[in-house]
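Undergrad: Output the structure for:
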Amino acid sequence: MKKCHACGEPWDGAPGTQPGREESCVKCGASLHCCLNCRFYEPSAHHECRSSTTEYVRDKESKNFCDEFELNHKGGTGEGRESAQGDMNQKWNDLFK
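TA: Numbering: from 1, shown residues only. Model prediction:
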(Lines give C-alpha, C1' and ligand atoms only; values in the text may rest on other atoms or scores of the structure.)
Protein backbone atom coordinates (compact mmCIF):
# COMPACT_ATOMS: atom_id res chain seq x y z
CA MET A 1 0.00 0.00 0.00
CA LYS A 2 1.32 3.42 -0.94
CA LYS A 3 1.31 5.98 1.88
CA CYS A 4 2.09 9.61 2.67
CA HIS A 5 5.63 10.14 3.97
CA ALA A 6 4.47 12.55 6.67
CA CYS A 7 1.44 10.90 8.26
CA GLY A 8 1.16 7.40 6.76
CA GLU A 9 -2.26 8.03 5.18
CA PRO A 10 -2.82 5.63 2.25
CA TRP A 11 -2.89 7.17 -1.22
CA ASP A 12 -6.02 6.09 -3.07
CA GLY A 13 -4.87 6.71 -6.63
CA ALA A 14 -5.79 4.37 -9.47
CA PRO A 15 -3.61 1.25 -9.72
CA GLY A 16 -0.56 1.78 -11.92
CA THR A 17 -0.67 5.57 -11.63
CA GLN A 18 1.50 8.07 -9.79
CA PRO A 19 0.42 11.21 -7.94
CA GLY A 20 0.64 14.41 -9.94
CA ARG A 21 3.11 17.14 -9.08
CA GLU A 22 0.42 19.25 -7.39
CA GLU A 23 -1.22 16.37 -5.52
CA SER A 24 -1.11 16.41 -1.74
CA CYS A 25 -2.16 14.15 1.11
CA VAL A 26 -5.87 14.35 1.92
CA LYS A 27 -5.15 14.00 5.65
CA CYS A 28 -2.15 16.28 6.34
CA GLY A 29 -1.65 18.24 3.11
CA ALA A 30 1.96 17.11 2.55
CA SER A 31 3.19 16.93 -1.05
CA LEU A 32 2.95 13.42 -2.48
CA HIS A 33 5.24 13.99 -5.48
CA CYS A 34 8.37 14.58 -3.39
CA CYS A 35 11.65 12.82 -2.66
CA LEU A 36 10.53 11.51 0.74
CA ASN A 37 7.72 9.59 -1.00
CA CYS A 38 9.87 8.22 -3.83
CA ARG A 39 11.09 4.64 -4.03
CA PHE A 40 14.54 5.97 -5.00
CA TYR A 41 14.92 8.06 -1.82
CA GLU A 42 17.80 6.78 0.29
CA PRO A 43 19.35 9.01 2.98
CA SER A 44 22.73 7.26 2.71
CA ALA A 45 22.97 7.59 -1.11
CA HIS A 46 24.63 10.43 -3.02
CA HIS A 47 22.17 13.36 -3.01
CA GLU A 48 19.90 10.99 -1.01
CA CYS A 49 18.74 9.32 -4.24
CA ARG A 50 19.51 5.83 -5.59
CA SER A 51 18.98 7.02 -9.17
CA SER A 52 22.16 8.30 -10.78
CA THR A 53 20.36 10.21 -13.52
CA THR A 54 18.21 12.60 -11.48
CA GLU A 55 19.05 16.20 -10.75
CA TYR A 56 19.79 17.27 -7.17
CA VAL A 57 16.71 18.30 -5.18
CA ARG A 58 17.48 20.37 -2.08
CA ASP A 59 14.08 20.25 -0.34
CA LYS A 60 13.14 16.58 -0.06
CA GLU A 61 9.66 17.35 1.38
CA SER A 62 8.47 19.70 -1.36
CA LYS A 63 6.92 18.86 -4.70
CA ASN A 64 9.42 18.56 -7.52
CA PHE A 65 9.70 17.94 -11.26
CA CYS A 66 11.61 14.64 -11.12
CA ASP A 67 10.67 12.47 -14.11
CA GLU A 68 11.87 9.31 -12.33
CA PHE A 69 9.55 9.70 -9.33
CA GLU A 70 7.79 6.50 -8.30
CA LEU A 71 5.60 6.46 -5.21
CA ASN A 72 7.15 4.19 -2.61
CA HIS A 73 5.03 1.38 -1.19
CA LYS A 74 6.27 2.31 2.28
CA GLY A 75 5.62 6.03 1.81
CA GLY A 76 9.22 7.13 2.12
CA THR A 77 9.70 7.00 5.85
CA GLY A 78 6.95 4.45 6.43
CA GLU A 79 4.62 5.16 9.31
CA GLY A 80 5.11 8.93 9.45
CA ARG A 81 7.76 11.00 11.15
CA GLU A 82 5.94 11.34 14.46
CA SER A 83 5.70 7.58 14.85
CA ALA A 84 9.32 7.06 13.79
CA GLN A 85 10.48 9.71 16.27
CA GLY A 86 8.43 8.08 19.03
CA ASP A 87 9.93 4.67 18.24
CA MET A 88 13.43 6.11 18.30
CA ASN A 89 12.80 7.84 21.64
CA GLN A 90 11.39 4.63 23.12
CA LYS A 91 14.43 2.63 21.99
CA TRP A 92 16.75 5.28 23.45
CA ASN A 93 14.90 5.20 26.79
CA ASP A 94 14.90 1.39 26.83
CA LEU A 95 18.63 1.40 26.24
CA PHE A 96 19.33 3.49 29.33
CA LYS A 97 16.87 2.05 31.84
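
Undergrad: Can you list the low-confidence ranges for this protein?
TA: Across the chain, the ranges flagged by pLDDT under 70 are 74-88.

Undergrad: What segments of it are helices?
TA: Remark: helices assigned in the chain by DSSP state H are 81-95.

Undergrad: And the residue sitting furthest away from the middle of the chain, how far from residue 89?
TA: Distance to the chain centre peaks in the chain at residue 97, reaching 32.4 Å (criterion: CA atoms, centre = their mean). Per CB to CB, to the nearest Å, residue 97 is found 13 Å from residue 89. Bear in mind the C-beta positions are built from the backbone N, C-alpha and C, glycine included.

Undergrad: Also residue 69?
TA: 31 Å.

Undergrad: Over to residue 5?
TA: For residue 5, the distance to residue 89 - CB to CB - is 19 Å.

Undergrad: Likewise for residue 49?
TA: Taking CB to CB, one finds residue 49 at 28 Å from residue 89.

Undergrad: If you count surrounding residues, which of these two has more?
TA: residue 49 (21 against 10; other CB atoms under 10 Å).

Undergrad: For the closest residue to the more buried one other than its chain neighbours, give me its contacts.
TA: Leaving out its chain neighbours, the residue that sits closest to residue 49 by CB to CB, 6 or more residues apart in numbering is residue 40, at 5.2 Å. Shown in contact with residue 40 (CB atoms under 8 Å, 6 or more residues apart in numbering): 49-51, 54, 68-70.
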